[in-house]
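S.K.: build the 3D model from these lines:
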Amino acid sequence: MIRSGAKWLSLLSFGWLLRKWHASPPNALLDNTPLVTLLHRLLDLPRLDHALASGALQALAVTASSYTEGRHLTFYQAAHSIEPWQRMQRVAMPAQISVEHLLASSAIPLIFPAVPIYCGHKGEYFGDGSMRQLAPISPAIHLGANKILVVGAGRLMEPPAKADRTVPYPSLAQIAGHAMSSIFLDGLAVDIERLQRINQTLSLLTAEQLKKTPLRPIETLMISPSERLDEIASRHVGSLPLPVRALLAGIGATEIRGAALASYLLFESSYTGELISLGWSDTLRRKEDVLAFFGLGSAAKSRIPTESEAFG
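M.R.: Residues are numbered from 1 along each chain as shown. Below you'll find the model as predicted:
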């Protein structure tokens, strides 16, 4: 009863803050100004032009979703002229990739503020590129890729849930985390399945039939976490700043069932460090597939550094 009362108190307090902000409402829950400063300090974007000119890189695409027009845009910069493409609710546009494009692509809805970008002769406000992204793999294919390495942020195959007669009502954080997963994860899994079906269909065609279709087989390698990121996040919510932790606790985001929402706010080194270690071990577990994908021989195995060598 005390715990339930604490949750109500937190929510009522949050409502009071909303009334306080009524005269001048905030643009988002969090301020990402430090990220802006960090990107400007660390990124040398002119090197992108040199990489494209030298042939080291063929193209780079950054996706974002327009709150203004309700469409999904792919901004791309390429070494050679590539005709822009347009699909249902998806548009591609050549652009000089900038920090603003990166900020817009990573602006998680409600959490980070939208970013203004000029498209043609008018400005639009953009948010995270996963929103309204119906085909995440599509830009790479349009830019000419024949092989695609996909690094996922969620498990493709979840283990079956344990049977439980007393299933608790989902917390606000659990519902929000579920909604976030549908935005950021589901589209990729569906697109991979679609690509596999197209590859299978193309394998049934003759060489003459293949010449009559613009479709081409695409080799893919998918590496996804072997552990649930929300379970990892639940072990690190204590490292969040106290105000954020207090707010999340009020909606159940500090518990395991609601930690998926907290994972979108965890930029603490303890959490990101564990993610790096997990990514390293998951990739090494697939090293035979990785070497084959990049066409590397067995001699390359001896040159694979350990995690401590790679990250110091």
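
S.K.: how much space separates Ser106 from Ala114?
M.R.: 12 Å (C-beta to C-beta, to the nearest Å). From N, CA and C alone the C-beta is placed, and that goes for glycine too.

S.K.: give me the below-cutoff pLDDT ranges for the stretch 151-300 of the chain.
M.R.: 155-165, 298-300 (pLDDT under 70).

S.K.: list the contacts of the helix or strand where Gln196 lies.
M.R.: Using DSSP states H and E, Gln196 sits within helix 186-202. With C-beta atoms under 8 Å, 6 or more residues apart in numbering as the test, helix 186-202 has contacts from 130, 133-138, 150, 152, 156, 210, 213, 215-218, 220, 222.

S.K.: same question for stretch 269-283.
M.R.: 151, 223-227, 229, 232-233, 235-236, 239, 263, 266, 290, 307, 310-311.

S.K.: same check on stretch 137-154?
M.R.: Under C-beta under 8 Å, 6+ apart, the answer for stretch 137-154 is 58-59, 61, 63, 74, 76, 78, 82, 85, 87, 90, 92, 181, 184-185, 188, 191-192, 195, 216, 218-225, 229, 279, 293.

S.K.: filter those residues to the buried ones?
M.R.: Among these, the ones that count as buried by 16 or more other C-beta atoms under 10 Å are 59, 61, 63, 74, 76, 82, 85, 90, 92, 181, 184-185, 188, 191-192, 195, 218, 220, 223-225, 229, 279, 293.

S.K.: taking these one by one, which sit in helices?
M.R.: Counting by DSSP state H, those place Ser181, Phe184, Leu188, Asp191, Ile192, Leu195, Leu229, Gly279, Phe293 in helices.

S.K.: how close does the third one get to Arg197?
M.R.: Read it as Leu188. 15 Å.

S.K.: nearest spatial neighbour of the residue nearest the centre of the chain, skipping sequence neighbours?
M.R.: By C-alpha atoms, centre = their mean, the chain has its centre lying nearest to Phe184, at 5.9 Å. Distance criterion C-beta to C-beta, 6 or more residues apart in numbering; nearest residue to Phe184, sequence neighbours excluded, is Ser130 at 4.6 Å.

S.K.: pull the CA atoms of the helix holding Gln196 into PDB?
M.R.: Extracted in PDB, the C-alpha atoms of helix 186-202 (Å, rounded to 0.1, in the frame of the first residue of the first chain):
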ATOM      1  CA  ASP A 186      10.100  -4.600 -35.100                       C
ATOM      2  CA  GLY A 187      10.600  -3.000 -38.500                       C
ATOM      3  CA  LEU A 188      14.100  -4.400 -38.800                       C
ATOM      4  CA  ALA A 189      13.000  -8.000 -38.100                       C
ATOM      5  CA  VAL A 190      10.200  -7.800 -40.500                       C
ATOM      6  CA  ASP A 191      12.400  -6.300 -43.200                       C
ATOM      7  CA  ILE A 192      15.000  -9.100 -42.800                       C
ATOM      8  CA  GLU A 193      12.200 -11.700 -43.200                       C
ATOM      9  CA  ARG A 194      11.000  -9.900 -46.400                       C
ATOM     10  CA  LEU A 195      14.600  -9.900 -47.800                       C
ATOM     11  CA  GLN A 196      15.000 -13.600 -47.100                       C
ATOM     12  CA  ARG A 197      11.700 -14.400 -48.900                       C
ATOM     13  CA  ILE A 198      12.800 -12.300 -51.900                       C
ATOM     14  CA  ASN A 199      16.200 -14.100 -52.000                       C
ATOM     15  CA  GLN A 200      14.400 -17.400 -51.900                       C
ATOM     16  CA  THR A 201      12.100 -16.400 -54.700                       C
ATOM     17  CA  LEU A 202      15.000 -15.200 -56.800                       C
END
